[in-house]
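A.B. asks: sequence first, then the predicted structure:
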Amino acid sequence: MVMIDAREERIWAALAQIPDPEIPAISVVDLGVIGSVTLDDDRVSIKLLPTFVGCPAIGVMQEQITERLTALSVADEVEVEVSFDPPWTSDRISANGRERLRLSGFAPPQVATTPGLIGLDELAVLPVAECPYCGSRNTTLENPFGPTLCRAIYHCADCRQPFEQMKRI
Amino acid sequence: MAESASVLDVTAREALAELLMSVADDEFIIGFWDSEWTGIAPMLEEDVATSSIAQDEIGHARALYELLAELTDDDADRIAFGRDAADFRHAALMNHARGDWALSVARRYLYETADAVRLTALARSSHQPLALLAGKMRREETYHQLHADAWLRRLSEGGAEGRGRLTTALERLWPDAQDIFAPLVGEEALVREGLLRESMQAMHAAWQAQVRPILEPICGELPSATPSRDGRLRRTDDFAWLHGEFTSVAGSEEAATW
């Protein structure tokens, strides 16, 4: 068990209050985009891992994190650095995050069976997503591209409802 | 960030800048061409898909321009929107206007397959920021490749018109697609320093070996073709037009940021 001092605990609690700008039901912590929190006497550094390189919400997240942590007065300086080390993958979404996605009408991404890069073969036969409305697995992928970079569009044959899935990546 | 770049000699640094600019410009220009389908793609799903792919590519370009800006003490916005058309370094494949749907499918297929070969090499670059970014980009590009594969199959198997248009597009784009692997100024230094793990020539051979068996059953034997020296220096009227489009906002309002 890693010792977390009181200041760091307050920082994580504050981060857990910040919603994802595109899917506000889930926090940036549950989304897994907080790579690390580093704290020294007068500075807190956050490593932010974008879900997609071109995600237009990165700037908004940086601003919101900076604002929230500055208001917390735990350090004089707040730094939020965008990083691809490690790369964000959909497996970083927490169990709570997956549940929050489902409750707001998004199917959570399929969990990776093997670590590392998803292969073309695997991607072509992605197991069906579970309908977040009725729980049916009788669904089909309509479009691997959706309204934002990180979402795909499915259709449920049972409740006849189109729904979105947070992409497996 | 550029700790691994600070130890490089001038030749290697300049070559790395050339490499970053060439990859970034490819992604930037193909992204802008694809974005032209927004609202007018042949079906709604493709309207969404091409827009999303275009957004990915322009996002990749932005991240690469930022690495370049850090290396050369420049500004990503200036590099993207403040350069003259003559200063872009995209491969000749990106000189063609959007064309019909088959041309976009053919270009996507040729580009995605070549880009995958290149990204695999870049993900092993000794320039750590580039290796990390390329590793992340590969995860996203897999979706683009899946999309390109599916459309290549659909057009080639769907009937005479689709197959005919696809064949015409592939024959037209094939020579210019080679130039994704055009030799770079200072390439020896890139390979020597491990900044680029494979020479353009080796990557070109690997790519051809991969795509010929897929494409030739569709369009017949493709001519032997190699990258040209000036493959990243040629410009067309189509590109000049696109350059005018994507710099128009920055040109009219200098304080604009992306």
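C.D. replies: Nice, thanks for sending it over. Residues are numbered from 1 along each chain as shown, chains lettered A, B, ... in the order given.
A.B. asks: what pLDDT does the model give residue A:127?
C.D. replies: Note for residue A:127: predicted pLDDT of 66.
A.B. asks: center of chain A, which residue is that?
C.D. replies: With distances taken as C-alpha atoms, centre = their mean, the residue of chain A nearest its centroid is residue A:31 (2.5 Å).
A.B. asks: can you pull the contacts of residue A:129?
C.D. replies: A:107, A:110, A:139, A:141, A:152, A:154, A:163, A:165 (C-beta atoms under 8 Å, 6 or more residues apart in numbering or on different chains). Every C-beta, even on glycine, is put in place using the N, C-alpha and C of the backbone.
A.B. asks: in what helix or strand does the last one lie?
C.D. replies: Counting by DSSP states H and E, the secondary-structure element that holds residue A:165 is strand A:162-166.
A.B. asks: which residue is the nearest non-sequential neighbour of the residue lying farthest from the centre of chain A?
C.D. replies: No residue in chain A sits farther from the centre than residue A:41, which is 29.3 Å out by C-alpha atoms, centre = their mean. Spatially, and ignoring its direct neighbours in sequence, residue A:41 is nearest to residue A:75 (7.7 Å; C-beta to C-beta, 6 or more residues apart in numbering or on different chains).
A.B. asks: helix/strand/coil for the residue lying closest to residue B:193 once chain neighbours are set aside?
C.D. replies: In this structure, residue B:193 finds its nearest non-sequential neighbour in residue B:12, 4.9 Å apart by C-beta to C-beta, 6+ apart. Put simply, residue B:12 is helix when judged by DSSP: H, G, I helix; E, B strand; the rest coil.
A.B. asks: isn't residue B:12 right up against residue B:195?
C.D. replies: Yes - with contact defined as C-beta atoms under 8 Å, residue B:12 counts as touching residue B:195 (6.7 Å).
A.B. asks: mutual contacts of those two, please.
C.D. replies: residue B:189.
A.B. asks: which stretches of the stretch 1-150 of chain B have low pLDDT?
C.D. replies: B:1-4 (pLDDT under 70).
A.B. asks: try it again at 50.
C.D. replies: B:1-3 (pLDDT under 50).
A.B. asks: so where do the helices sit in it?
C.D. replies: Listed from the start of the chain, the stretch 1-150 of chain B has helices (DSSP state H, counting those that start in this stretch) covering B:10-35, B:44-72, B:76-81, B:101-122, B:128-157.
A.B. asks: cool, and chain A?
C.D. replies: Assigned by DSSP state H, chain A shows helices spanning A:6-15, A:28-31, A:58-72, A:95-103, A:120-124.
A.B. asks: might you report the residue contacts of whichever residue of the stretch 51-200 of chain B sits closest to chain A?
C.D. replies: Relative to chain A, the nearest point of the stretch 51-200 of chain B is residue B:59 (1.5 Å; C-beta to the nearest C-beta). Contact analysis of residue B:59 by C-beta under 8 Å, 6+ apart lists A:52-56, A:149.
A.B. asks: quick one on the thing from earlier: how close does the residue nearest to residue A:41 sit to residue B:170?
C.D. replies: From residue A:75 across to residue B:170, the span is 58 Å (C-beta to C-beta, to the nearest Å).
A.B. asks: who has more neighbours out of those two?
C.D. replies: residue B:170 (26 against 18; other C-beta atoms under 10 Å in any protein chain shown).
A.B. asks: need the distance between the two termini of stretch B:168-184.
C.D. replies: Across stretch B:168-184, the terminal residues are separated by 30 Å (C-alpha to C-alpha, to the nearest Å).
A.B. asks: likewise stretch B:181-198?
C.D. replies: Start-to-end, stretch B:181-198 (C-alpha to C-alpha) is 11 Å.
A.B. asks: again with stretch B:172-188
C.D. replies: End-to-end for stretch B:172-188, by C-alpha to C-alpha: 31 Å.
A.B. asks: mean confidence score for it?
C.D. replies: If you average the pLDDT values across stretch B:172-188, you get 97.
A.B. asks: same question, stretch A:131-141
C.D. replies: Stretch A:131-141 comes out at a mean pLDDT of 93.
A.B. asks: any part of that stretch near chain B?
C.D. replies: No - judged by C-beta under 8 Å from any C-beta of the partner chain, stretch A:131-141 stays clear of chain B, getting no closer than 10.7 Å.
A.B. asks: that stretch: end-to-end distance?
C.D. replies: 11 Å.
A.B. asks: check the offset of that stretch from the chain's centre.
C.D. replies: 21 Å (C-alpha atoms, centre = their mean, to the nearest Å).
A.B. asks: got a list of contacts for it?
C.D. replies: A:101-103, A:105-107, A:126, A:128-130, A:152-159, A:161, A:163.
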